[in-house]
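Undergrad: Here is my input, please return the structure:
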Amino acid sequence: MSGRTFTKRRADAPPGFFAVEAAGLRWLAEAGGVPVPRPVSVGPDHIELPYLDPAPPTATAAEALGRGLARTHAAGAPAFGSPPADWAGDGFIGPLPLAHRPSASWGAFYADLRVEPFARRAHTLGSLTDRALDAVLAVCDRLRSGELDDGRPPARLHGDLWSGNVIWTADGAVLVDPAAHGGHPETDLAMLQLFGLPHLDRVLAAYDEAAPLTDGWRERVGLHQLHPLLVHAVLFGPSYGAAAERAALSVP
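TA: Modelled structure (predicted):
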């Protein structure tokens, strides 16, 4: 990182929009895993961050990203759905509100706060068909029953880990724009796979070496992509609603 800074501004930002981002960055930094920029300043309408000089991604940096992400996840969270430390309210994913409510059950948390609310909103907007909504709600029923819980403790998630939030620098990958919360580690990994990432196979292999993934994780990618696909259906329309339906039907 250079000594320069970069300031994101939003004049109509809702209360807490940048403050929760700053809290998420600090919480992720404390994990000692993948580097994140430490906020220089934050206010109601802006956040100032160190400027990141981009560099081409390398296989070595990808492997470091995988190992670092495993450390970030292993730092843990008080509960599924818990917000970042020093933050008591809800957050945001992109421009959309994102509820934080601690839960002892990953399945109940994921269904109640990450999947069903966005599915119903996408349906209301016409981005999710009746058939697709039924498919998603059927998955929610299974989640709430505990059938899809696996006993893993809450992980410290970036929460919005698509490839655009991975900045490659000469010193390695840096993660930006988190929607940090306690969740299932496979959720971050599934989101990394949603839109592709350079050297993705090396990232996943290094993660698996550092924190072995459980059997069947590849078959659960669709389950963990449901949340970001429904967020995209709300923001960008029916094509993502169709993808969410396919993801729901893929859940083993």
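Undergrad: State the three-state secondary structure for A85.
TA: Per DSSP: H, G, I helix; E, B strand; the rest coil, the secondary structure class of A85 is coil.
Undergrad: Now the terminal residues of stretch 207-226, how far apart.
TA: From its first residue to its last, stretch 207-226 covers 22 Å (C-alpha to C-alpha, to the nearest Å).
Undergrad: Next, the buried residues of that stretch.
TA: Residues of stretch 207-226 classed as buried by neighbour count (16 or more other C-beta atoms under 10 Å): Y207, A210, A211, W217, R220, V221, G222, L223, H224, Q225, L226. Using the backbone N, CA and C atoms, a C-beta is placed for each residue, glycine as well.
Undergrad: Before we move on, what's the pLDDT of the second one?
TA: With respect to pLDDT, A210 has a value of 98.
Undergrad: follow-up on the earlier one: closest one of the buried residues of stretch 207-226 to L200?
TA: For the buried residues of stretch 207-226, the residue nearest L200 by C-beta to C-beta is Y207; the value is 10.5 Å.
Undergrad: quick one, phi/psi of the closest one?
TA: The phi/psi pair for Y207 (degrees, to the nearest 10) reads phi -60, psi -50.
Undergrad: In this structure it contacts E63, no?
TA: No. Look at Y207 against E63 with C-beta atoms under 8 Å: they stay out of range, at 9.2 Å.
Undergrad: that older thread, out of the buried residues of stretch 207-226, name the ones that lie in strands.
TA: Assignment to strands by DSSP state E places none of the buried residues of stretch 207-226 there.
Undergrad: Let me know the closest of these to P185.
TA: A211 (7.4 Å).
Undergrad: Now that closest one: closest residue in space that isn't a chain neighbour?
TA: Leaving out its chain neighbours, the residue that sits closest to A211 by C-beta to C-beta, 6 or more residues apart in numbering is A70, at 3.9 Å.
Undergrad: give the contact list for that neighbour.
TA: Shown in contact with A70 (C-beta atoms under 8 Å, 6 or more residues apart in numbering): G33, A206, Y207, A210, A211.
Undergrad: Looking at these, which are in helices?
TA: Among the contacts of A70, the residues falling in helices (DSSP state H) are A206, Y207, A210.
Undergrad: one step back: just flag the most distant two among the buried residues of stretch 207-226.
TA: A210 and L226 (25.9 Å).
Undergrad: give me the element the residue nearest the centre of the chain is part of.
TA: With distances taken as C-alpha atoms, centre = their mean, G159 lies nearest the centre of the chain, 2.0 Å away. Per DSSP states H and E, G159 falls between elements, in no helix or strand.
Undergrad: All the helices of the stretch 51-200 of the chain, in order from the start?
TA: Per DSSP state H, counting those that start in this stretch, the stretch 51-200 of the chain carries helices over the ranges 59-74, 106-109, 116-124, 130-145, 185-192, 200-210.
Undergrad: Cheers, nothing more for now.
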